[in-house]
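*Asks:* structure, please.
(chains A and B)
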Protein chains: 2
Amino acid sequence: MAIKPQSPILGVLGGGQLGRMLIQSAVNYNQDIHILDPDPNAPCKDLCQRFTAGSLKDFDTVYAFGHGCDVITVEIESVNTEALEKLQREGKKVFPQPHILNLIKDKRKQKQFYQHHNIPTADFILTADKAEVIHNSAFLPAVNKLGKEGYDGRGVQVLRSENDLEKAFDAPGLLEKLIDFDTEIAVTVARNEAGEMLAYPAVECAFHPTANLVEYLFAPAQISAEIEQKAQEIAKDVILKLGMVGILAVEMFVTKDGEVLVNEVAPRPHNSGHHTIEANFTSQFEQHLRSVMNWPLGNPSLRCPAAMINLLGEEGHEGVAYVEGMEEAMKEEGVYIHLYGKKITKPFRKMGHVTILDENIDQLKERATRIKELIKIKSKA
Amino acid sequence: MAIKPQSPILGVLGGGQLGRMLIQSAVNYNQDIHILDPDPNAPCKDLCQRFTAGSLKDFDTVYAFGHGCDVITVEIESVNTEALEKLQREGKKVFPQPHILNLIKDKRKQKQFYQHHNIPTADFILTADKAEVIHNSAFLPAVNKLGKEGYDGRGVQVLRSENDLEKAFDAPGLLEKLIDFDTEIAVTVARNEAGEMLAYPAVECAFHPTANLVEYLFAPAQISAEIEQKAQEIAKDVILKLGMVGILAVEMFVTKDGEVLVNEVAPRPHNSGHHTIEANFTSQFEQHLRSVMNWPLGNPSLRCPAAMINLLGEEGHEGVAYVEGMEEAMKEEGVYIHLYGKKITKPFRKMGHVTILDENIDQLKERATRIKELIKIKSKA
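*Replies:* Have a look, this model is predicted:
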């Protein structure tokens, strides 16, 4: 290389759990990290070389923050991309590139991008408001998505029949044909500035029935070699057509007749890659670091089958968090608990995750279910 | 458990690489860490909830620091144990316990402890000064060790014949029979306050011929099942007889006739356990955390054979450090680089380490040798 004495500073917009796990990797490379987050007690607060509390959406704040960095990345899409564009014009490295953030943070543009680039995706109609959704009731059953600001399960709902039209989003969004899928899978793909590109093996995601958040994840996905190859090719195709540098999580549906359709992408470390910390040779966080710093990419292969469960704030609990059942879980072989340093829990808030390693797939699924029942994030009575 | 909202603060005396890797583990458990280190730019400086620059040997400094913590541990033995004893009397948890630190940081007391407790160790003679070493020249060839302040290869030398007597240490120390050993091995053993105890599989250490620092480490050690069992039993015997809580690295000689002799111990995470981060189910850092916090211990088994090489400051280089050959190494599968965040290199300074995973033991050794030649820590020209 060599890594220089005055090595470049990596700035991260967002200081939540993704930034926190990125820092855990960056420490190994003496990579200094600066963080900007609106929450003065963000999970990254005490773990970086410089922490700035400030808005991710304010031009001046983002610009001033980025000015003190050499490379800038994000752990959330909803950031001020005008500031990032200015920083990029002034010579800063910004990965993912601002125009890609603009594309991805608007689900309408994202869908149009797939359509224009022949990337397989579910049929859809853009809708300007509630009236337009109602006007297209013949398109039901469909998924109604808000164009912007959807995150962690918000801004997405299923409209099965005309009875559901009442709750349609009254803002620019889209209606997407409800896919009768067999499996939901995700492939993470990384690409550095030098053009090196590597995809992780597909993982299988099971979503929470109402909260629309990943509830369980299994790696490897139980799919045919043919579907696996198709999914990897699609993921690579998307990152190439985006021309993106960084890590991209590509969520896909596998339909009952073996089609693979892109659902959504995230241009950053993603919930569907948390297991890679212990289960793969290179974690998604280290891979993201390698990508944006233009270092050689690491081997993405799986070392051991894994399950990942999210630790979501328990329903009915809001306030100072405590973790129930953790000691029991810690006694088990191959159980890795990751808490995100959030003091306050609320229903469905992502408070941590657990990865379970087991060579035996059936046992792995049984253990994941059991450990999910065991660990609960509650508020102090 | 539950882990409480106001969870106890863990104070660490010393903020070097061991503290740094401990923090990387502690993040997963929301475990707040306070660090005391004399160097205001210590490797842990930006990675903990509170960093205090101050002497580890000054009573008032250590006492004041410990007062703000609930549990106190160390990453170096040479600390003010009087302050720790007072903190312990006042109800703080101090692990390893101060009297054990006193015993271990004096190699003379350490050897006497083995003798008194029938723990197999090389024969020795205590020597008060140089004159007493010379008086015992019949004991040569021997290892001459300083009683106190030896660290990272300092304070240990071999006296092969009377010609070497000139360099004998002129301070309280000891002469230890030079062992004609086959292998040097180390077993890490952990014990928590509840009395749970687990030992890691033995690793094999190859030392630098002159610097007396671990140069290569291989796991598992290439020893018979019988020697492995003997080594594990000895390590457990030592921690039990010490009555210690925390993690203990037990370095041992395996003699040509199959005896296992304790060389030295370290009551903290140790260089001989760095590979456990990637190679074992539970890293030594997490295990130390679990021990001192009285959490259940984790599974210490090996997931994959591993080699570890220390990245020592290159001879002839002193100044602002840079890492040569890192990019090449990063391209390889199963290569994990850990840099310690030290700006200044000097000959033999521990600047980082690399762990290499490979199921094929012969290939593993070949790769370790090659990567050691590849990565060099030099000073900027």
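
*Asks:* which residues of the stretch 151-300 of chain A fall in helices?
*Replies:* Taking DSSP state H, counting those that start in this stretch as the test, the helices found in the stretch 151-300 of chain A are A:225-242, A:276-279, A:284-292.

*Asks:* among these, which comes closest to A:M351?
*Replies:* A:M351 sits nearest to helix A:276-279 of all the helices of the stretch 151-300 of chain A, at 16.9 Å, using Cβ to Cβ. (Glycine included, C-beta is placed from N, CA and C.)

*Asks:* now do that closest one: distance to the chain's middle.
*Replies:* Chain-centre distance of helix A:276-279: 16 Å, with Cα atoms, centre = their mean, to the nearest Å.

*Asks:* re earlier: relative to chain B, which of the helices of the stretch 151-300 of chain A is closest?
*Replies:* helix A:284-292 (7.4 Å; Cβ to the nearest Cβ).

*Asks:* show residues contacting the closest one.
*Replies:* A:10, A:18, A:21-22, A:24-26, A:28-29, A:31, A:71, A:73, A:93, A:95, A:188, A:190-192, A:198, A:200, A:245-247, A:249, A:268-270, A:273-274, A:276-277, A:282, A:295-298, A:300, B:330 (Cβ atoms under 8 Å, 6 or more residues apart in numbering or on different chains).

*Asks:* picking that back up, return the most buried member of the helices of the stretch 151-300 of chain A.
*Replies:* Highest mean neighbour count among the helices of the stretch 151-300 of chain A (mean count of other Cβ atoms under 10 Å in any protein chain shown): helix A:284-292, with a mean of 27.

*Asks:* which residue packs closest to A:Q88, ignoring adjacent ones?
*Replies:* Spatial nearest neighbour of A:Q88, chain neighbours left out: A:V94 (4.6 Å); criterion: Cβ to Cβ, 6 or more residues apart in numbering or on different chains.

*Asks:* which residues does that neighbour bridge with?
*Replies:* Legend: beta-bridge partners of A:V94 under DSSP bridges are A:I72.

*Asks:* in this structure it contacts A:K86, no?
*Replies:* No - counting by Cβ atoms under 8 Å, A:V94 does not reach A:K86; the two are 9.9 Å apart.

*Asks:* so which residue is dead centre in chain A?
*Replies:* By Cα atoms, centre = their mean, the mean C-alpha position of chain A lies nearest to A:H270, the distance being 2.5 Å.

*Asks:* which residues of the stretch 251-381 of chain A lie near chain B?
*Replies:* Residues of the stretch 251-381 of chain A lying near chain B by Cβ under 8 Å from any Cβ of the partner chain: A:281, A:290, A:295-296, A:298-299, A:301, A:303-304, A:320-327, A:330-331, A:333-334, A:336-341, A:343, A:357, A:380.

*Asks:* rerun at 7 Å
*Replies:* A:281, A:295-296, A:299, A:320-324, A:326-327, A:330-331, A:333-334, A:337-339, A:341, A:380 (Cβ under 7 Å from any Cβ of the partner chain).

*Asks:* out of the helices of the stretch 151-300 of chain A, which is closest to B:H117?
*Replies:* Nearest to B:H117, of the helices of the stretch 151-300 of chain A and by Cβ to Cβ, is helix A:276-279 at 38.4 Å.

*Asks:* what packs against the closest one?
*Replies:* strand A:350-357 (3 or more Cβ pairs under 7 Å, 6 or more residues apart in numbering or on different chains; DSSP states H and E).

*Asks:* neighbouring strands - and their directions - for the strand it packs on?
*Replies:* strand A:306-312 (antiparallel), strand A:335-339 (antiparallel).

*Asks:* present those strands as a markdown table; the columns should include distance to B:H353 and mean pLDDT.
*Replies:* A markdown table is the format used below for the strands paired with strand A:350-357 (distance: least, Cβ to Cβ, whole Å; pLDDT from 0 to 100):
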| stretch | distance to B:H353 | mean pLDDT |
| --- | --- | --- |
| strand A:306-312 | 26 | 96 |
| strand A:335-339 | 22 | 97 |
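
*Asks:* looking at the ones you listed, which is buried most?
*Replies:* Most buried among those, given mean count of other Cβ under 10 Å as the contact rule, is strand A:306-312, at a mean of 25.

*Asks:* for that one, what is the distance to the chain centroid?
*Replies:* With Cα atoms, centre = their mean, you get 14 Å for strand A:306-312.

*Asks:* which residues does it contact?
*Replies:* With contacts defined as Cβ atoms under 7 Å, 6 or more residues apart in numbering or on different chains, strand A:306-312 is touched by A:213-219, A:271, A:274-275, A:278-279, A:348-357, A:364-365, A:368, A:371-372, A:375, A:377.

*Asks:* drop anything exposed from those residues.
*Replies:* A:213-219, A:271, A:274-275, A:278-279, A:348-357, A:364-365, A:368, A:371-372, A:375, A:377 (16 or more other Cβ atoms under 10 Å in any protein chain shown).

*Asks:* and the residue nearest to the centre of chain A, what does it touch?
*Replies:* Counting by Cβ under 7 Å, 6+ apart, A:H270 has contacts A:T188, A:A249.

*Asks:* could you do A:D170 as well?
*Replies:* Counting by Cβ under 7 Å, 6+ apart, A:D170 has contacts A:D129, A:K130.

*Asks:* and if we set it to 10 Å?
*Replies:* With contacts defined as Cβ atoms under 10 Å, 6 or more residues apart in numbering or on different chains, the neighbours of A:D170 are A:T127, A:A128, A:D129, A:K130, A:A131, A:E132, A:V133, A:L146.

*Asks:* hey, what's the first one bridged with?
*Replies:* Partner residues in beta bridges with A:T127, using DSSP bridges, are A:G173.

*Asks:* is it true that it touches A:K111?
*Replies:* No - using Cβ atoms under 10 Å, A:T127 is not in contact with A:K111; the gap is 11.5 Å.

*Asks:* anything in contact with each of those two?
*Replies:* With Cβ under 10 Å, 6+ apart as the test, A:T127 and A:K111 both reach A:K145, A:G147, A:L174.

*Asks:* list the contacts for A:L240?
*Replies:* A:H117, A:V189, A:R191, A:G195, A:M197.

*Asks:* swap the cut-off to 8 Å and go again
*Replies:* A:R191, A:M197.
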